[in-house]
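K.L.:
My questions are about this predicted structure, shown below with the sequence.
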Amino acid sequence: MTYKTGPRNLITDITGLRVGNAQDATLKSGSTVLLGDAPFTASVHVMGGGPGTRETDLLAPDKTVQQVDALVLSGGSAFGLDACGGVADGLRDMGRGFAVGNVTVPIVPGAIVFDLINGGNKAWDVNPYPALGRAALVNATQDFALGSVGAGTGAMAARQKGGLGSASVVLPDGTTVAALVVVNALGSVTTHGDRHFWAAPFEMGNEFGGLGPDPAGGYTAPDPSRKERAMGLHASVGANTTIAIVATDAPLTKTQCHRLAVNAHDGMARAIVPSHTPLDGDLVFGVSTGTGAPIDHAAYAPIGAAAATCLSRAIARAIYEATPAPGDLIATYR
């Protein structure tokens, strides 16, 4: 079979999706918004032990609301959940939302990463995240930067600076599958020596350096965490999370979107070692923009597999595209 990336190699290769980023260099944090031209079907699956979320309960397959207006990924830990409120305010001004009588209520689930101890100035008087969320909404477009932007601005993985990543693939039947991720993991994205990515077997072209898999192999654990040492934290303190969105233009039910999120966690585990620890808040949103009759199980299978490999690639791209900034606690991959 012939596979290729979408024209941008971004989640916005799925028609009707846009991404907006906003960040504050002094704060060393920011927010990212996935916006649809129209509401889209969404669900979520959480596998980390310490998630921080807003409105994710309504994304369970048995809950009433089938579609959402936007999804938010943000830095700021619990404070960053207020970025969802900023996005909701902006959407309300646009007349977007779930109709309840004569009012509309924007549905904006979100998730956060912990970036409060990363060298940035967090001594704010007013929570900055509502404004960051609203600014990210205003900035939403099809072309957007990766690395140290948006919710990935102050992210860190175990051995290198983290970031915002994305990747896409077009299946032989024309279906597009893509991922968007913020990598702030307890685990490492690279093997011993920090040269080769765990995700290397899934790389398309030279999207994260083209070095290929580590020829040595035989690793059972990553090197010690530079992140923990730089933050002055013991491993028992939860200050980590990888949060992601996987999406497709195939028409999926809400239940199938949940399965898409479940499948994509395989890609997280292939790209970050270890993943899904009690000290990570790892979660994945599953999204479908497709309309019409839902596909059957046989047609779904390659989409779920592609979501996992897209997420692996997006994770590596997040680290590969990260850029240095004054006050960083650890270095970038490059």
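P.N.:
Great, that's in hand. Numbers count the residues shown, from 1 in each chain.
K.L.:
and A42, what does it touch?
P.N.:
L59, Q67, V68, L71, P109, K254, C257, F285, G286, V287, S288 (Cβ atoms under 8 Å, 6 or more residues apart in numbering). (C-beta placed from N, C-alpha, C; glycine too.)
K.L.:
Partner strands of whichever strand or helix holds it, with direction?
P.N.:
Using DSSP states H and E, the element containing A42 is strand 29-46. Using DSSP bridges, strand 29-46 pairs in its sheet with strand 17-24 (antiparallel), strand 67-74 (antiparallel), strand 283-288 (antiparallel).
K.L.:
In CSV: these, plus mean pLDDT, distance to N184 and mean neighbour count.
P.N.:
As requested, these are exported to CSV (pLDDT from 0 to 100; distance: least, Cβ to Cβ, whole Å; neighbours: other Cβ atoms under 10 Å):
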stretch, mean pLDDT, distance to N184, mean neighbour count
strand 17-24, 98, 14, 23
strand 67-74, 97, 10, 27
strand 283-288, 98, 12, 28
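K.L.:
out of those, nearest to V113?
P.N.:
strand 67-74 (7.5 Å; Cβ to Cβ).
K.L.:
and the following helix or strand past that closest one, average pLDDT?
P.N.:
Moving toward the C-terminus from strand 67-74, the next helix or strand (DSSP H and E) is helix 77-80. Average pLDDT, helix 77-80: 96.
K.L.:
next helix or strand past helix 77-80?
P.N.:
With DSSP H and E, the next secondary element past helix 77-80 is helix 82-93.
K.L.:
ok, and what's touching the very next helix or strand once past that following helix?
P.N.:
Scanning forward in sequence from helix 82-93 by DSSP H and E, the next helix or strand is strand 98-100. Strand 98-100 is contacted from outside by V65, D69, T104, V105, P106, I107, using Cβ under 8 Å, 6+ apart.
K.L.:
what do you get if the cut-off is 6 Å, keeping everything else the same?
P.N.:
Contacts to strand 98-100, defined as Cβ atoms under 6 Å, 6 or more residues apart in numbering, come from residues V105, I107.
K.L.:
Quick check: buried residues in that strand?
P.N.:
The neighbour-count check on strand 98-100 (16 or more other Cβ atoms under 10 Å) flags F98 as buried.
K.L.:
Show me what it pairs with in its sheet, parallel or antiparallel.
P.N.:
strand 103-105 (antiparallel).
K.L.:
what separates the partner strand from the chain centre, distance-wise?
P.N.:
Relative to its chain's centre, strand 103-105 lies at 27 Å (Cα atoms, centre = their mean, to the nearest Å).
K.L.:
again, but for stretch 300-313
P.N.:
Per Cα atoms, centre = their mean, the centroid offset for stretch 300-313 relative to its chain is 14 Å.
K.L.:
list the buried ones in it?
P.N.:
300, 302-313.
K.L.:
Please convert the residues you listed to JSON lines, extending it with distance to T12, secondary structure and pLDDT.
P.N.:
Formatted as JSON lines, those follow (distance: Cβ to Cβ, whole Å; DSSP: H, G, I helix; E, B strand; the rest coil; pLDDT from 0 to 100):
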{"residue": "Y300", "distance to T12": "23", "secondary structure": "helix", "pLDDT": "96"}
{"residue": "P302", "distance to T12": "21", "secondary structure": "helix", "pLDDT": "97"}
{"residue": "I303", "distance to T12": "18", "secondary structure": "helix", "pLDDT": "98"}
{"residue": "G304", "distance to T12": "21", "secondary structure": "helix", "pLDDT": "97"}
{"residue": "A305", "distance to T12": "22", "secondary structure": "helix", "pLDDT": "97"}
{"residue": "A306", "distance to T12": "17", "secondary structure": "helix", "pLDDT": "98"}
{"residue": "A307", "distance to T12": "16", "secondary structure": "helix", "pLDDT": "98"}
{"residue": "A308", "distance to T12": "20", "secondary structure": "helix", "pLDDT": "98"}
{"residue": "T309", "distance to T12": "18", "secondary structure": "helix", "pLDDT": "98"}
{"residue": "C310", "distance to T12": "13", "secondary structure": "helix", "pLDDT": "98"}
{"residue": "L311", "distance to T12": "16", "secondary structure": "helix", "pLDDT": "98"}
{"residue": "S312", "distance to T12": "19", "secondary structure": "helix", "pLDDT": "98"}
{"residue": "R313", "distance to T12": "15", "secondary structure": "helix", "pLDDT": "98"}
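K.L.:
Now do the helices in this structure.
P.N.:
Listed in chain order, the helices of the chain (DSSP state H) span residues 77-80, 82-93, 129-138, 226-231, 254-271, 297-320.
K.L.:
Could you tell me the least trusted of those helices?
P.N.:
Among these, helix 226-231 carries the lowest mean pLDDT, a mean of 84.
K.L.:
hang on, the earlier thing: dump the strands paired with strand 29-46 to JSON lines, plus distance to T248.
P.N.:
What follows is the strands paired with strand 29-46, written out as JSON lines (distance: least, Cβ to Cβ, whole Å):
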{"stretch": "strand 17-24", "distance to T248": "10"}
{"stretch": "strand 67-74", "distance to T248": "14"}
{"stretch": "strand 283-288", "distance to T248": "6"}
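K.L.:
If anything else comes up later, I'll come back, but that's it for now.
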